[in-house]
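Trainee: Here you go, sequence then predicted model.
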Amino acid sequence: MLKFILSKLLYLIPTVFGITLVAFGFIRLLPGDPVLLMAGERGVSPERYAEITAQLGYDKPIWQQYLQYLNQLAHGDLGNSLVTKKPVLAEFLTLFPATVELGLVAILIATLIGVPVGVLAAIKRGSWFDQISMTGALVGFSMPIFWWGLLLIILFSGILGWTPVSGRISLMYFFPPVTGFMLIDSLLSGQDGAFMSALSHLILPSIVLATIPLAVIARQTRSAMLEVMGEDYVRTARAKGLSPSRVIGVHALRNAMIPVITTIGLQVGVLLAGAILTETIFSWPGIGKWMIDSISRRDYPVVQSGLLLIAGIVMIVNLLVDLTYGLINPRIRHK
Amino acid sequence: MSIFSTRFLAASALALMAAAPLHAKTFVYCSEGSPEGFDPAPYTSGTTFDASGHAVYNRLVQFKPGTTEIEPALAESWEVSEDGLEYTFHLRKGVKFHSNEKFTPSRDFNADDVIFTFNRQANADDPWHQYIAGITYEYYSSMEMDKLIKSIEKVDDNTVKFVLNHPEAPFLANIAMPFVAVVSKEYADALDKAGTKEDLNNAPIGTGPFKFVAYQKDAVIRYQKNADYWGTAPKIDDLVFAITPDASVRLQKLKAGECHLMPYPAPADLADIKADPNLKVDEQPGLNVGYLAYNTTVAPFDKPEVRKALNMALDKKALIEAVYQGNAEVAKNPIPPTMWSYNSAIEDDAFDPEAAKKMLEEAGVKDLSMEIWAMPVQRPYMPNARRAAELMQSDLAKVGVKVEIVSYEWGEYLKKSMEAGRKGAVILGWTGDNGDPDNFLSVLLSCASAEPGGANRAFWCNKEFSDIIAKAKATSNHDERVKLYEEAQVIFKKEAPWATLAHSTQYVPMAKNVTGFVQSPLGDYTFDTVDLTE
């Protein structure tokens, strides 16, 4: 197992290197530059422009800037934001827990609903339940997140008044962050009602963020189940006279879970992409909104190091998914 | 004890201290974005000024609420020398800086603070000039304070003398702006000693109506009323900025009672807001202008009669309906009507496609095709440039001019539109910084600003016009300035370097129980006068 983990870790090194190159290049390929955007309609004199770009080191050849960036990274320095002048890592650490909290709840919703729906749809293939849930999944998959979020806000917060409109907790509650996870911090604060307030603020954004992964997981579970249920060993299990729940629960589901876990793992990337819109609409102070703001301001250090951090996390999650296969399926481990 | 549990204990102790219940009156403002920082000097966005410069700080002089007139603030009075080169400010006595858990001021505000505020921006070798790596003072240099101020002298603890290189009438308006909000020298020294210089940007200490309490990035800013405020103390106890970037979500929050007031409603939502019985809307003409700038150095746009003819072909009323949803007024001058020296005697070019067609023929222009540049971003002065360009395209087609609409990414747009020899006319606009006509006319239309790095996108250099506004800038006699600017507007109209399009209206929706909010023509959001009734 250790050898398996090590070999996987070894693969990460060139990947990280590649990501630095892509992240560094990507934001510079976009037209527009941070100094001009900061100056706005007023403009900036050529002398002043040269002065600022020199101060930022952006007057050097691009390969030199890249090497300098790598050197910085090697020293554990991710750089400072051009806009706020604060260290990128510090900003990331402040905002990341909010995204994780939202993402975890969303993936939990997506899995807890998506897997059973997929299994049920597979078992009752062709039934009205199958038809409706799979149509629903198709609709969910193609849902424009921004519109969907606003619709839910207008309905549940505006007209019905059941949920708060946006934010992470009611402004009545004020306590310094301990873990950055509002659900935990609100419990730690010991203030009456804080936890419930945090929970109620999570409902709409996590539903919106869960929508696409839920649809994908449900469809993937259904097709994986259908495939497995046609296998010989399932027929054998049935022929042996095992109860249908044991056939499905133990023999079919366990094997069908491998592609489903891959899908859930891959949804982490989808979640981060969805977080950009979800966070913007729900005023959720996470890294999705932070990235989109930084891209539009061409805040080079934030974009390149922020992408690196996000990619690093996606890679770690994918590694964990790989390791989970090993646990579920010994054949992969021993290959 | 593990690191986690120490941190946890410290944090719980903090939590206990901070958990005191909110006071009776908490005012929640659904702000449109996150401040870049809390030091008002290095930043240029209005969002940052609302959160730092206006709430926490004061300037030597300030704009009288709701106007662009200058009134005393931290300076009680001032004298200007005959030649207009020396300004002597007499500072208010007994003004207290805020305190926080790490800092308690030992003295009142004095001349050292004023000198510190200016010098750290002016002198590259000041130890505070680069207190954070990469920091720059964009307003200080773009308002040309570096070229204007020769020296600042401390006459005594409560008197400061500014010596200028040349007389400049807008000087007072410039120093009423938030980038020169007065920062505590004593606080800076304390931070320096503690090795936490960056806290000047994170935990601001000012003299303003509200004390800074806490900022949770991209989420909430909290302030408390400054009970020792030298002016009229705020009527609310706590001020909270709930950062809500999306305009539709802001409105939902306002409707749900999650905040009391919001800026920048979506134009499409205004009818809905006005119909809501729980809300009210304050409206005021904005200090802005949206325009179409021709390149006056390229034929045939170098001829005033061609530009005028094109202007006459544009149906500005229809444009205001379609682009601004009617929430603007037709512009005839480069400065808005709320600005002093606005020349109301000027007559706008009539909308007359027939006459326009004839004028073009007389000017020898046939089969003209041109580009119109549509900016890719929304601004209060131009909510939908693409739509505006399309309307102009169809208007101009009626007089036989073929228009191609082009657009670029915003940074590129700003850059390319200032490149010499640019093809086509550019849609852009301006929002005033300080209420002085010079802030429009010099920045946007002088010969100097037609050079690279300027903002004169018509590349219009009219010596007579430039001389007049230069003279007005150097004159301190207000009546004479008014006359000169009125004259300048006549030349502008005759020469028509732009098609002046619109001055948009500012709307501030708020809950019915909000009283005392005074809208600023400069688009600032200040809360020292607001109150909540039951």
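Mentor: Thanks, I have it. Numbering: from 1, shown residues only, chains lettered A, B, ... in the order given.

Trainee: only C-alpha atoms for contact and neighbour calcs from this point on.
Mentor: OK.

Trainee: Roughly how far does B:Ala55 sit from chain A?
Mentor: 19 Å (C-alpha to the nearest C-alpha, to the nearest Å).

Trainee: Could you point out which residue ranges in the chain have low pLDDT?
Mentor: Defaulting to chain A. A:1, A:330-335 (pLDDT under 70).

Trainee: Chain B is the one I meant
Mentor: Checking chain B against pLDDT under 70 turns up B:1-23.

Trainee: Taking the centroid of it, which residue is nearest it?
Mentor: When C-alpha atoms, centre = their mean is applied to chain B, the residue found nearest the centroid is B:Asp433 (4.0 Å).

Trainee: which is the next helix or strand following the stretch of helix or strand A:Ile217 belongs to?
Mentor: A:Ile217 belongs to helix A:194-229 when elements are defined using DSSP states H and E. Scanning the chain past helix A:194-229 towards its C-terminal end, the next helix or strand to appear is helix A:232-239 (assignment: DSSP H and E).

Trainee: Show me which residues of the stretch 201-335 of chain A are close to chain B?
Mentor: With C-alpha under 8 Å from any C-alpha of the partner chain as the criterion, the stretch 201-335 of chain A meets chain B at residues A:Thr280, A:Ile281, A:Phe282, A:Ser283, A:Trp284, A:Pro285, A:Gly286.

Trainee: Could you identify the pair within the residues you listed that is furthest apart?
Mentor: Using C-alpha to C-alpha, these reach their maximum pairwise distance at A:Ile281 and A:Gly286, which is 11.7 Å.

Trainee: How many residues are close by residue 327?
Mentor: No chain specified, so I'll use chain A. If you count neighbours by other C-alpha atoms under 10 Å in any protein chain shown, A:Leu327 ends up with 13.

Trainee: not what I meant, chain B
Mentor: 19.

Trainee: How about A:Leu2?
Mentor: By other C-alpha under 10 Å, the residues close to A:Leu2 number 7.

Trainee: Indicate the residue of chain B located nearest to chain A.
Mentor: B:Gly453 (3.6 Å; C-alpha to the nearest C-alpha).

Trainee: Can you pull the phi and psi angles for the closest residue to that residue other than its chain neighbours?
Mentor: Nearest non-adjacent residue to B:Gly453, counting by C-alpha to C-alpha, 6 or more residues apart in numbering or on different chains: A:Ser45, 3.6 Å away. Note on A:Ser45: backbone dihedrals following degrees, to the nearest 10 are phi -70, psi 150.

Trainee: Please verify my assumption that the residue of chain B closest to chain A contacts A:Gly40.
Mentor: No: contact between B:Gly453 and A:Gly40 fails when scored by C-alpha atoms under 8 Å: they sit 11.1 Å apart.

Trainee: Settle it for me: which of these two has more neighbours?
Mentor: Set side by side, B:Gly453 and A:Gly40 show more neighbours around B:Gly453, with 20 against 16, by other C-alpha under 10 Å.

Trainee: for that one, helix, strand, or coil?
Mentor: The local conformation at B:Gly453, judged by DSSP: H, G, I helix; E, B strand; the rest coil, is coil.

Trainee: give me the number of residues near residue 243?
Mentor: No chain in the question, so chain A it is. Burial of A:Ser243, expressed as a neighbour count using other C-alpha under 10 Å, amounts to 11.

Trainee: Wait, chain B was what I had in mind.
Mentor: Here the neighbour count serves as a burial measure; for B:Ile243 (other C-alpha under 10 Å) it reads 25.

Trainee: try A:His251
Mentor: Neighbour count of A:His251, defined by other C-alpha under 10 Å: 17.

Trainee: Look at it and tell me its secondary structure.
Mentor: Going by three-state DSSP, the secondary structure assigned to A:His251 is helix.

Trainee: what's the closest non-adjacent residue to it?
Mentor: The spatially closest residue to A:His251, leaving aside those adjacent along the chain, is A:Val234, at 6.6 Å (C-alpha to C-alpha, 6+ apart).

Trainee: Up against chain B, what does the stretch 1-150 of chain A have?
Mentor: The stretch 1-150 of chain A comes close to chain B at residues A:31-34, A:36-46, A:55-56, A:82-85, A:94-95, A:150, as judged by C-alpha under 8 Å from any C-alpha.

Trainee: What strand or helix carries B:Ala355?
Mentor: Under DSSP H and E, the secondary-structure element containing B:Ala355 is helix B:353-362.

Trainee: quick one: buried residues of that helix?
Mentor: Neighbour-count burial for helix B:353-362, with 16 or more other C-alpha atoms under 10 Å in any protein chain shown as criterion, is recorded at B:Pro353, B:Ala356, B:Lys357, B:Met359, B:Leu360.

Trainee: now for that helix, which elements pack on it?
Mentor: Taking 3 or more C-alpha pairs under 8 Å, 6 or more residues apart in numbering or on different chains; DSSP states H and E as the contact definition, the neighbouring helices and strands of helix B:353-362 are helix B:304-313.

Trainee: now the angle between helix B:353-362 and the helix it packs on, please.
Mentor: Between helix B:304-313 and helix B:353-362, the angle comes out at 160 degrees (axes from the mean of the first three to the mean of the last three C-alpha atoms, to 10 degrees).

Trainee: Which other helices and strands does whichever helix or strand comes after helix B:304-313 contact?
Mentor: Scanning the chain past helix B:304-313 towards its C-terminal end, the next helix or strand to appear is helix B:316-323 (assignment: DSSP H and E). When contacts are defined as 3+ C-alpha pairs under 8 Å, 6+ apart, helix B:316-323 packs onto strand B:328-330, helix B:385-397, strand B:498-511.

Trainee: Export these as CSV, with columns for mean neighbour count and distance to A:Val139.
Mentor: Formatted as CSV, the entries for the helices and strands packed on helix B:316-323 read as follows, by neighbours: other C-alpha atoms under 10 Å in any protein chain shown; distance: least, C-alpha to C-alpha, whole Å:
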stretch, mean neighbour count, distance to A:Val139
strand B:328-330, 21, 41
helix B:385-397, 20, 32
strand B:498-511, 25, 36
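
Trainee: Adding distance to chain A, write those out as CSV.
Mentor: Compiled in CSV, the helices and strands packed on helix B:316-323 are given as follows (distance: least, C-alpha to the nearest C-alpha, whole Å):
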stretch, distance to chain A
strand B:328-330, 20
helix B:385-397, 15
strand B:498-511, 15
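
Trainee: got the ones you listed as a markdown table, with distance to A:Leu183 columns?
Mentor: Listed next are the helices and strands packed on helix B:316-323 as a markdown table, based on distance: least, C-alpha to C-alpha, whole Å:
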| stretch | distance to A:Leu183 |
| --- | --- |
| strand B:328-330 | 46 |
| helix B:385-397 | 44 |
| strand B:498-511 | 30 |
